[in-house]
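Student: Below is the sequence, then the predicted model.
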Amino acid sequence: MDDTPAPPVVCTAVEHGEPCGGPVDSSSLRPDDSGGLADPGRPADPGRPVESAHEEPGLVLPLCHEHLVAAYERVAADVGVTDALPGPCAACGSRLGVRYPSGWLCAVCEWRWGEVPEGAAPIRVDVVYYLRWRDRIKIGTSANPRGRLAQLRHDELLAFERGDRTLEQRRHREFAASRLGGEWFAADDALLAHVALVSAGVDDPWALLARWRSEAVALAG
């Protein structure tokens with residue numbers, strides 16, 4: 001049995017025609033099947049291109065820290081880095097953005113963050129909202145639901161339905177038998193079934209509202 005230790009894995013990046021040869025950053029190693037780091041003593045074939053290095057067991061990119069960061073920055077410049085915007089998007093209100101070296105874009109509507117078109121009219125999207133508080137549900141409408149809901153006592157936002165006061169009044173008539181007073185209704189089977197219908201496939205009502213706003217921006221443009 002050959003007890004000769006395997007040569008260390010070194011960075012295979014080539015710069016100015018010369019291989020780097022520096023120690024590999026452990027971030028470029030992936031966990032092995034046992035949950036630990038794969039054996040760093042198994043070198044990648046230096047004659048193979050870096051793009052195929054992921055075929056080596058336990059190796060993703062055999063790069064030193066400097067070249068690993070450089071590779072990340074190169075990719076990030078092309079595809080961007082998703083992160084929280086410094087502030088809400090002026091076009092759709094989303095707080096999720098994609099950061100590029102040249103600046104931020106909204107991740108929902110791709111509006112350049114911080115820019116407002118000269119003379120642009122505010123985008124209005126009316127919604128009917130369904131709020132649960134204890135065993136009752138409020139059916140209301142607003143073009144600024146975030147501000148409106150901040151004023152209302154509630155346990156949970158159940159759903160948004162796109163529409164204005166006309167749709168709200170239609171829903172009030174539809175569930176009149178469950179009305180408790182004002183805009184509050186008993187959370188009976190019929191109303192809960194309707195809420196389930198309008199919220200089907202929606203994990204986050206606020207994300208749905210952001211999409212509606214981005215669509216309105218696109219149509220207005």
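Tutor: That came through fine.
Student: Could you use CA atoms for every contact and neighbour count after this?
Tutor: Fine.
Student: Can you report how many residues neighbour Cys89?
Tutor: Neighbourhood size, Cys89 [other CA atoms under 10 Å]: 25.
Student: Show me where the chain has its helices.
Tutor: 65-79, 145-149, 165-174, 189-198, 205-220 (DSSP state H).
Student: Could you list the low-confidence segments of this protein?
Tutor: 1-8, 11-13, 21, 24-61, 63, 65-79, 116-122, 218, 220-221 (pLDDT under 70).
Student: which residue ranges form the strands in it?
Tutor: 14-15, 18-19, 81-84, 96-100, 103-106, 127-133, 136-142, 156-162, 179-181, 184-186 (DSSP state E).
Student: closest to Asp204 out of those?
Tutor: strand 156-162 (8.5 Å; CA to CA).
Student: Please name every helix or strand in contact with the closest one.
Tutor: Contacts defined by 3 or more CA pairs under 8 Å, 6 or more residues apart in numbering; DSSP states H and E place strand 156-162 against strand 127-133, helix 189-198, helix 205-220.
Student: and these as CSV, adding mean neighbour count and distance to Asp164?
Tutor: Formatted as CSV, those follow (neighbours: other CA atoms under 10 Å; distance: least, CA to CA, whole Å):
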stretch, mean neighbour count, distance to Asp164
strand 127-133, 21, 6
helix 189-198, 14, 15
helix 205-220, 17, 14
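Student: between those, which one is nearest to Pro88?
Tutor: helix 205-220 (10.7 Å).
Student: What are the contacting residues of that closest one?
Tutor: 91-94, 108-109, 123-125, 157-160, 199, 202 (CA atoms under 8 Å, 6 or more residues apart in numbering).
Student: out of those residues, which are buried?
Tutor: 91-94, 108-109, 125, 157-160, 199 (16 or more other CA atoms under 10 Å).
Student: quick one: which of these is nearest to Ala186?
Tutor: Leu158 (14.1 Å).
Student: Let me see the contact set for that closest one.
Tutor: The contact partners of Leu158, by CA under 8 Å, 6+ apart, come to 129-132, 195, 199, 205.
Student: Output these in JSON lines; the columns should cover distance to Arg148.
Tutor: Listed next are the contacts of Leu158 as JSON lines, based on distance: CA to CA, whole Å:
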{"residue": "Tyr129", "distance to Arg148": "10"}
{"residue": "Tyr130", "distance to Arg148": "12"}
{"residue": "Leu131", "distance to Arg148": "11"}
{"residue": "Arg132", "distance to Arg148": "14"}
{"residue": "Val195", "distance to Arg148": "19"}
{"residue": "Ser199", "distance to Arg148": "20"}
{"residue": "Pro205", "distance to Arg148": "15"}
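Student: between these, which is nearest Gln151?
Tutor: Leu131 (12.2 Å).
Student: Show me what the closest one bridges to in the sheet.
Tutor: Going by DSSP bridges, Leu131 is paired in beta bridges with Lys138, Leu157.
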